[in-house]
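Asker: A predicted structure for the sequence below; I have some questions about it.
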Amino acid sequence: MMQNISKLFRNCGHRFLLPKFPMSTLESIESNPLDSELVPPSSSLAKSLNFKRKLESMPPNMEPKQAWLENLNTTDEEKISILELHPQVFGSMPRIDVIHKNVRWQTFYGRMDLHQAASRAELPGGGRKPWPQKGLGRARHGSNRSPLFYNGGKSHGPRAPKSYFYMLPYDLRILGLTTTLSVKLAQDDLHIVESLDIPTDDQQYIEELVQTRMWGPSVLFVDEQDVMPENITKATENIGHFNLMPAYGLNVFSMLKHDTLVLTLAALNRIEHQLLLNIHRNKNGKHQFRYMPSHH
Amino acid sequence: MAVNRNVVDRALAVLRTLPRVSLYNLKDHEHRKKRSARGQHGGGTHGHGKKFRQNYLPLGFESGNTPFHLRFGMEKYYKRYRLEREYPPVSLLMLQKMIDTNRLDTTQPIDLSSICNSGVYSMNINFNHHGVNLTDEEGFDQFCAKINIEVQWASEGAIAAIERNGGVITTSYYDPLCLHAVTDPARFFLKGDPIPKRMIPPEDAIEYYSSADNRGYLADPEKVSLARLALAQKYGYELPKIEDDPDYTMLTMRKDPRQIFYGLEPGWVVSLKDKAILKPKDKELLEYYRT
């Protein structure tokens, strides 16, 4: 029976197989930052290290993008090492139309239009014939709430509630994220830091940091988890244009709303992994990736 | 996405010199079609102008007393369309590519399950798709894999290309109920249904699947070996001897005419959760699923 089972899994196991790219183009990796146990090196230690990242499913014809790994524990910028970023996530074609589609979708799908105009049936009165049908030389009318009348009802007016909900195609949402990340990197608006740990919970510290590094004015800090370090939470609490966000909440609108995007190394790994998974996932004939409205 | 990397890098380089992309300078492609004017003030001639060429009828205008649907005889182009079986094609080139990109394992027999699980081939049972049609229009010369493949339809050239390389090909029929199981085994096993018994082909297909020339799964094996020899002579290649092949057991693996998965018999229930196989014991069931 064991033999049968092994055959069975052979038959049904290939669904999520990634195409195998030759991995010879990659350098040998000493450390895998995806491991949760491996803490990114502290700034003093890491100066001598070239902190390498393993880029998964790397196409052979592409070269990785690069970015500095920076610190947050001093207001002055300290470049710790160079990071390699995946070109399919951080070097995709800057399609402004795709970004526009994503922003439009994000602003529209939750919108509920409550504008309503009263029809002739909803207005009070209007049951009496305003004047006799014949003999006055005036046009014939049966109700003073007719749409022709001043103060009459509105025909084909807006009817509430009107939903603007629609779903952008799945691949376009993925492409929107990669495009926006690429644009941010290309315009020097993307910064990668070790972690969001800052020495004080002073508001002035983070303001000074942003000013000396010429970030912002508005900055979006993205960490992997939704429980943020205490200091940065307190320091940014009363500043409306410095915002914290977990990696799972990253979206096109917020990235564009803020001038500068700051990712932690853990968030970077998480975002890159998730996006690559969705880029390379075999979606052939799989309906769970498509939004299917229920039939009424 | 096949884009020129040079173009992408240049576009990203240009973007460095441009103002920051933000919510306020986004723009979509201009693809909106202008709607022709309607209503009291904007409507009117709908692009036909005023007073000229008024003798011509607008396009699509139906004149006369005989209605359109009675004026012409009925031409049923799609008369038997819903009844006819379709076989979405896979060319030899595509098959070779699937093997080269590790989507198909040549050390095991290839059947409809493994082709569907490759993720490159898609078929819809609701559209009367009945499986793979292996064609030789592309990749007849390039095909170089030694495989044991089972397809649902095959051209003569495709059969020759497989057998020239020392492979084995069979054409076999699956009824729609079995196709649901074969095309997505994982989903089928999650349902917890017993593996169905494969039905015999319908009347108009039984000739195809019992013909040795088509390597039908119901054909006489002796006639098939003769047909293999005849085809080798016709196409002018030397038929490799399967008996001397190190992969002899793999190449001679065949499904029973009632069987749809290798190693699993009809009537068995596969539990993916417990990783166990349940076999029927009831006499009536055994009688029903007997091959």
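Answerer: It's in.
Asker: Show me the strands in chain A, by range?
Answerer: In chain A, the strands defined using DSSP state E lie at A:65-70, A:79-85, A:112-113, A:162-163, A:190-193, A:219-223, A:242-246, A:260-264.
Asker: What is the first one packed up against?
Answerer: Translated: strand A:65-70. Packing contacts for strand A:65-70, counted by 3 or more C-beta pairs under 8 Å, 6 or more residues apart in numbering or on different chains; DSSP states H and E, involve strand A:79-85, helix A:87-90, strand A:190-193. No exception for glycine: its C-beta is placed from N, CA and C like everyone else's.
Asker: repeat that with 7 Å
Answerer: With contacts defined as 3 or more C-beta pairs under 7 Å, 6 or more residues apart in numbering or on different chains; DSSP states H and E, strand A:65-70 has these neighbours: strand A:79-85, strand A:190-193.
Asker: Which strands border the last one, and is each parallel or antiparallel?
Answerer: Read it as strand A:190-193. strand A:65-70 (parallel), strand A:260-264 (parallel) (DSSP bridges).
Asker: got those as a markdown table, with mean neighbour count and mean pLDDT columns?
Answerer: Output for the strands paired with strand A:190-193, formatted as a markdown table (neighbours: other C-beta atoms under 10 Å in any protein chain shown; pLDDT from 0 to 100):
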| stretch | mean neighbour count | mean pLDDT |
| --- | --- | --- |
| strand A:65-70 | 17 | 93 |
| strand A:260-264 | 24 | 96 |
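Asker: any chance of those strands in a markdown table, plus distance to residue B:241?
Answerer: Supplementary listing: these in a markdown table, determined by distance: least, C-beta to C-beta, whole Å:
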| stretch | distance to residue B:241 |
| --- | --- |
| strand A:65-70 | 55 |
| strand A:260-264 | 62 |
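Asker: Skipping its backbone neighbours, what lies nearest the residue of the stretch 101-250 of chain A found nearest chain B in space?
Answerer: Ranked by C-beta to the nearest C-beta, the top residue of the stretch 101-250 of chain A for proximity to chain B is residue A:186, at 4.1 Å. Using C-beta to C-beta, 6 or more residues apart in numbering or on different chains and skipping residues adjacent in sequence, the residue nearest residue A:186 is residue B:12, 4.1 Å away.
Asker: Which helix or strand lies directly C-terminal to the helix or strand where the one you found lies?
Answerer: Assigned by DSSP states H and E, residue B:12 belongs to helix B:5-17. Scanning the chain past helix B:5-17 towards its C-terminal end, the next helix or strand to appear is helix B:39-42 (assignment: DSSP H and E).
Asker: quick check: mean pLDDT across that following helix?
Answerer: Taken as a whole, helix B:39-42 carries a mean pLDDT of 70.
Asker: and it, how far out from the chain's middle?
Answerer: Averaging C-alpha coordinates over helix B:39-42 and over its chain gives two centres that are 52 Å apart (C-alpha atoms, centre = their mean, to the nearest Å).
Asker: and what of stretch B:249-262?
Answerer: Per C-alpha atoms, centre = their mean, the centroid offset for stretch B:249-262 relative to its chain is 21 Å.
Asker: likewise stretch B:236-255?
Answerer: On the basis of C-alpha atoms, centre = their mean, stretch B:236-255 is displaced by 26 Å from the centre of the chain it belongs to.
Asker: any residue of that stretch up close to chain A?
Answerer: No. Against chain A, stretch B:236-255 shows no contacts by C-beta under 7 Å from any C-beta of the partner chain, the least distance being 10.5 Å.
Asker: Quick one: residues in contact with that stretch.
Answerer: Outside stretch B:236-255, the residues within contact range by C-beta atoms under 7 Å, 6 or more residues apart in numbering or on different chains are B:107-109, B:148, B:163-164, B:166, B:168, B:170, B:172, B:228-229, B:232, B:262.
Asker: Name the residues of that stretch that come out as buried.
Answerer: Neighbour-count burial for stretch B:236-255 flags B:239, B:242, B:245, B:247, B:250-251, B:253-255 (criterion: 16 or more other C-beta atoms under 10 Å in any protein chain shown).
Asker: show me the contacts for the residue of the stretch 101-250 of chain A closest to chain B.
Answerer: With contact taken as C-beta under 7 Å, 6+ apart, residue A:186 is in contact with A:94, B:12, B:15-16.
Asker: filter those residues to the buried ones?
Answerer: Buried residues within the contacts of residue A:186, counting neighbours by 16+ other C-beta under 10 Å: A:94, B:12, B:15.
Asker: Residue A:73 - nearest residue in space that isn't next to it in sequence?
Answerer: residue A:199 (5.8 Å).
Asker: Quickly name whichever of the contacts of stretch B:236-255 is closest to chain A.
Answerer: Relative to chain A, and with distances defined as C-beta to the nearest C-beta, the nearest of the contacts of stretch B:236-255 is residue B:262, at 5.6 Å.
Asker: so that closest one makes contact with residue B:110?
Answerer: No. No contact is recorded between residue B:262 and residue B:110 when judged using C-beta atoms under 7 Å, the distance being 10.5 Å.
Asker: Looking at those two, which one has more neighbours?
Answerer: For residue B:262 against residue B:110, the residue with the higher neighbour count under other C-beta atoms under 10 Å in any protein chain shown is residue B:110, and the figures read 23 against 19.
Asker: Now for that one: which residues touch it?
Answerer: Residue B:110 neighbours (C-beta under 7 Å, 6+ apart): B:104, B:147-150.
Asker: Now, those that are in strands?
Answerer: Within those, residues falling in strands by DSSP E are B:148-150.
Asker: What is the nearest of those residues to residue B:176?
Answerer: In terms of C-beta to C-beta, no member of the ones in strands among the contacts of residue B:110 lies closer to residue B:176 than residue B:150, at 17.5 Å.
Asker: on that earlier part again, would you list the ones in strands among the contacts of residue B:110 in JSON lines and tack on pLDDT?
Answerer: As requested, these are exported to JSON lines (pLDDT from 0 to 100):
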{"residue": "B:148", "pLDDT": "96"}
{"residue": "B:149", "pLDDT": "97"}
{"residue": "B:150", "pLDDT": "97"}
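Asker: Include neighbour count and distance to chain A when you put those into JSON lines, please.
Answerer: Compiled in JSON lines, the ones in strands among the contacts of residue B:110 are given as follows (neighbours: other C-beta atoms under 10 Å in any protein chain shown; distance: C-beta to the nearest C-beta, whole Å):
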{"residue": "B:148", "neighbour count": "23", "distance to chain A": "14"}
{"residue": "B:149", "neighbour count": "25", "distance to chain A": "15"}
{"residue": "B:150", "neighbour count": "27", "distance to chain A": "12"}
